[in-house]
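[1] model this:
(chains A, B, C and D)
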Number of protein chains: 2
Amino acid sequence: MPRRKIRLFDKKPLPKPVSEAQCGAEEANQVWSDVKLDRRSRDNGRVTISDLSQALSLTKGTVSRALNGYPDIAETTRVRVIRAANAMGYRPLSHAQAIKTGRSCSLGLVIQLSEHDAHRPFLAEFLAGLTQAASKEGWTLTVATAENDADTLRIMRDLVVHQKADGFILPRVLWDDPRIASLSGEDTPFICYGRPRNSKDMSYFDVEGEAAMAEAVSYLADLGHRRIAYIGSAEYYAFSHMRRDGYKAGIDAMGLGFDPDLMQEGALSPEQASAATRRLLALDTPPTAIICATDSLARGVYDVANELGLAIGTELSVIGYDGSPEASAMWPRLASFAVDTRKAGATLGEMFIARIRNPNAPVAQHLIRAEFRPGGSTGHPKLTPEQLVRTLAQRGATQNT
Amino acid sequence: MPRRKIRLFDKKPLPKPVSEAQCGAEEANQVWSDVKLDRRSRDNGRVTISDLSQALSLTKGTVSRALNGYPDIAETTRVRVIRAANAMGYRPLSHAQAIKTGRSCSLGLVIQLSEHDAHRPFLAEFLAGLTQAASKEGWTLTVATAENDADTLRIMRDLVVHQKADGFILPRVLWDDPRIASLSGEDTPFICYGRPRNSKDMSYFDVEGEAAMAEAVSYLADLGHRRIAYIGSAEYYAFSHMRRDGYKAGIDAMGLGFDPDLMQEGALSPEQASAATRRLLALDTPPTAIICATDSLARGVYDVANELGLAIGTELSVIGYDGSPEASAMWPRLASFAVDTRKAGATLGEMFIARIRNPNAPVAQHLIRAEFRPGGSTGHPKLTPEQLVRTLAQRGATQNT
DNA sequence: ATTTGATCCCGAAACGCTTTAAGCTGCCAT
DNA sequence: ATGGCAGCTTAAAGCGTTTCGGGATCAAAT
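    This is a model prediction of the structure:
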């Protein structure tokens, strides 16, 4: 009866490798001075596990088990091994591990190009955060690009099958995201940036767009605005739902009375935002302030204002969202909500690695706030809606002659 | 005497794997219908080389040699193998190959964060190009970020030692780039985006900034401008040298007479560009047009112009470089030179992979042109330099009261 | 004195792939 | 016949790591 076969540890929560810091590395150099320190394998300068095991007079298996925190290794041995590993500068070759474990220690990111420019400036910071989190754990970031949804799914599958990525960070999550459906089906780990439709039992990280929008409303109301409009993005983005709800909540909270005419959704480009702006300004009681779901939509508002000779900040107030460099490029500077994209990336990276290390941990859900950045694009309303109508008529008349 | 030992092929120019396209894959399905198509290894859905060799009744070695283009395999066998590989959907696991070959089939990109925002919008397109080229060859892109030069070197070394990257694309190359010095020392392959100091015998890809700047000068001169200034970036960027030289060449070519006062270099941020602009406008004979080495510098010019009440496009013409979204966000739209960043990435990726495949090929050097994109920021000079001086004095006076 | 049970470590076999050395055909020239 | 030589294929040894079954040791329990 092979009673011994019972494993003390379950398969899934794989033992977290012991970090170097846990054993005083500086001391190690002296302790192990008797070990032939530069016992390196022939060709390149790498120290292999064989070198290490030989130096320690242990077998490779034992060394590996010691380093990977298996429980059937004496604590003293473990310490010995870890010290020697530090002293000799041993670090396992991740793809040599991958061959057996199937884990390549790299997180995948597939960015979709067709999405509107919105996320472009955001990318560098996001990557920074991700890679920072990754490299802290000795992981790596594998990036791919795709043209469309189908492409994305194909590429992700490919990356997983060829073990180039252990799972994915999903940026700019959609309300009904095909990636989620697909990845849940196969069981590839992933973490969302954003909250899709049924996010209750998913791991995600997000910025509270709803809070920002509500804050925007209250900020403008405090300035004296009563007619505050909202230009939203396409409904298929998850963030659109959050921000729209935030706007509504803000309107309610300030007791301004929700007017569906003031809410223009579905704008994807500055041009479409321009069209929305024209619709808003053509209302009988036009808004004196416009909140945009993204900075790039605000650009469309600016364009129309410039065209109509409407002074931004006094005659028409505007607030954006993203805190992009684009926002500071505008004149006057666009008031916006800055998102700490780098932190977002870093958090997502950490969450992801933690998830891989312990796949049956409960889902993790993190939220942070966006920080309001005032700008010259807001001010006390110089004109009432009625005056605004008259001004527009007047300027339009002179312009058309 | 083991005469047989002579290898017909040298070690270095490793045989290029035969592409799938070379053997009609659609036909293959029928030809190999007798083969058990879904002979897959037990756990996951991958087809391994063992499955393939078993199906073909060949040994793994033969299959490998056939696929890797070794010359001592009969052509008929090779075709058989390739067909079967396509039919069964076999693709080698790159990290399993890496363990023996040391090549992980991934190109590394370390982006440095401290660099001024200049390159931010550029990133997404660049990545798109790179990953596109990479995935076409079954390669992968590994991205890391670094805070400073030392960090970059450390990270690159690390990536190479742990075989996470076979070499690097160096974006935004410096005139004297520490990365180049370092990588040449170890013999890690790399390719530059840009032309550093001694680029004669290096592989690079670049956009002809010099041509663009010369074109800008001639464009403005054709509009009637005679005093054309230049605001340049820091000298340590390689591109600064090119663009500056191009500006000078343009001035010469148009016979405008080079005036050192009109050339302000070393501006890294919009703010520094603003300072440069003020210096230029304070000259006895100020310029009526300003060419900026980057779009973001142009933003500084816009800021000063707005502040001084100078109408861009009529009273002061501006041209930028990069064709960034920032440029179109400005009002009026900034005339600029659009760089096809995606193509840049794609070309660099291809060049890199080619280089790895055949390390002793001669260096490859590619240049493309930037495309001029007109905008409202240029026009016939409405004022002469003298009138400009008077206007400025006048407006300055009213503004100061 | 024997069984039991831990605890710690070892040897060996995977993993998927490449590469080397050696083997097996034929064929031509001795 | 014998040797030599192509040409093609196989067998097996790595590569660096994990994992599995079991062996040795020792203390405690029978």
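
[2] Packing partners of the strand or helix carrying residue A:230?
    Secondary-structure assignment from DSSP states H and E places residue A:230 in strand A:228-231. The contact analysis (3 or more CB pairs under 8 Å, 6 or more residues apart in numbering or on different chains; DSSP states H and E) places strand A:228-231 against helix A:209-223, helix A:238-253, strand A:263-264, helix A:270-281, strand A:289-292, helix A:295-308. C-betas here are computed from N, CA, C, even on glycine.

[3] Given that strand, what are its sheet partners and their directions?
    strand A:263-264 (parallel), strand A:289-292 (parallel) (DSSP bridges).

[4] got JSON lines for the helices and strands packed on strand A:228-231, with mean neighbour count, mean pLDDT and distance to DNA strand C too?
    Output for the helices and strands packed on strand A:228-231, formatted as JSON lines (neighbours: other CB atoms under 10 Å in any protein chain shown; pLDDT from 0 to 100; distance: least, CB to the nearest atom of the strand, whole Å):
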{"stretch": "helix A:209-223", "mean neighbour count": "22", "mean pLDDT": "98", "distance to DNA strand C": "44"}
{"stretch": "helix A:238-253", "mean neighbour count": "21", "mean pLDDT": "98", "distance to DNA strand C": "37"}
{"stretch": "strand A:263-264", "mean neighbour count": "20", "mean pLDDT": "98", "distance to DNA strand C": "54"}
{"stretch": "helix A:270-281", "mean neighbour count": "21", "mean pLDDT": "97", "distance to DNA strand C": "48"}
{"stretch": "strand A:289-292", "mean neighbour count": "31", "mean pLDDT": "98", "distance to DNA strand C": "50"}
{"stretch": "helix A:295-308", "mean neighbour count": "23", "mean pLDDT": "94", "distance to DNA strand C": "45"}
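
[5] got the contact list for residue A:351?
    Listed by CB atoms under 8 Å, 6 or more residues apart in numbering or on different chains, the contact partners of residue A:351 are A:191, A:203, A:205, A:364, A:366.

[6] Show me those that map onto strands.
    Mapping the contacts of residue A:351 onto strands (DSSP state E) picks out A:191, A:205, A:366.

[7] Which one of the residues you listed is nearest to residue B:106?
    The shortest approach to residue B:106 among the ones in strands among the contacts of residue A:351 belongs to residue A:191, at 22.6 Å (CB to CB).

[8] Quick check: bridge partners of the closest one?
    Residues in a beta bridge with residue A:191, per DSSP bridges, are residue A:169.

[9] out of the ones in strands among the contacts of residue A:351, which are buried?
    Among these, those buried by neighbour count (16 or more other CB atoms under 10 Å in any protein chain shown) are A:191, A:205.

[10] which one of the ones in strands among the contacts of residue A:351 sits closest to DNA strand C?
    Proximity of the ones in strands among the contacts of residue A:351 to DNA strand C (CB to the nearest atom of the strand) peaks at residue A:191, which lies at 27.0 Å.

[11] For chain B, what's the nearest residue on chain A?
    residue A:95 (3.1 Å; CB to the nearest CB).

[12] Pretty sure residue B:163 is one of the things that residue touches, is it not?
    Yes - contact criterion CB atoms under 8 Å: residue A:95 and residue B:163 qualify, at 6.5 Å.

[13] Which part of the stretch 51-200 of chain A gets nearest to DNA strand D, residue-wise?
    Closest point on the stretch 51-200 of chain A to DNA strand D, by CB to the nearest atom of the strand, is residue A:61, at 2.6 Å.

[14] Next one, pLDDT for the residue of chain A closest to chain B please.
    With respect to pLDDT, residue A:95 has a value of 87.

[15] Any idea how many residues pack against residue A:114?
    For residue A:114, the tally of surrounding residues (other CB atoms under 10 Å in any protein chain shown) stands at 10.

[16] give me the low-pLDDT residue ranges for the stretch 51-200 of chain A?
    For the stretch 51-200 of chain A, the stretches with pLDDT under 70 are A:115-121.

[17] Close to chain B: what parts of it are there?
    By CB under 8 Å from any CB of the partner chain, the residues of the stretch 51-200 of chain A that approach chain B are A:91, A:93-96, A:98-99, A:102, A:104, A:106, A:111, A:113, A:117, A:119-121, A:123-124, A:127-128, A:131-132, A:135, A:140-145, A:155, A:159, A:161-164.

[18] Could you do the stretch 201-350 of chain A as well?
    The stretch 201-350 of chain A comes close to chain B at residues A:299, A:302-303, A:306, A:325-326, A:329-331, as judged by CB under 8 Å from any CB.

[19] could you redo the last one with a cut-off of 6 Å?
    Within the stretch 201-350 of chain A, the residues that sit near chain B (CB under 6 Å from any CB of the partner chain) are A:299, A:306, A:325-326, A:329, A:331.

[20] In a markdown table, list the strands paired with strand A:228-231 along with distance to residue A:216.
    As requested, the strands paired with strand A:228-231 are exported to a markdown table (distance: least, CB to CB, whole Å):
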| stretch | distance to residue A:216 |
| --- | --- |
| strand A:263-264 | 14 |
| strand A:289-292 | 5 |
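
[21] Of all the residues in the stretch 101-250 of chain A, which one is nearest DNA strand C?
    Across the stretch 101-250 of chain A, no residue is closer to DNA strand C than residue A:102, which sits at 8.4 Å (CB to the nearest atom of the strand).

[22] Just the ones in helices from the residues of the stretch 51-200 of chain A next to chain B, please.
    Here DSSP state H is the test, and those give A:94-96, A:98-99, A:123-124, A:127-128, A:131-132, A:135, A:155, A:159, A:161 as lying in helices.

[23] check those against DNA strand C, which are close?
    With CB under 7 Å from any atom of the strand as the criterion, those include residue A:99 near DNA strand C.

[24] Closest one of the ones in helices among the residues of the stretch 51-200 of chain A next to chain B to residue B:261?
    Residue B:261 lies nearest to residue A:124 out of those, by CB to CB, at 35.8 Å.

[25] I figured that closest one was touching residue B:124, is that so?
    No - here residue A:124 does not reach residue B:124: they are 8.6 Å apart, not a contact under CB atoms under 6 Å.

[26] just to revisit the earlier point, can you tell me the closest non-neighbouring residue to the residue of the stretch 101-250 of chain A closest to DNA strand C?
    In space, and not counting its chain neighbours, residue A:102 is closest to residue A:163: 6.2 Å by CB to CB, 6 or more residues apart in numbering or on different chains.
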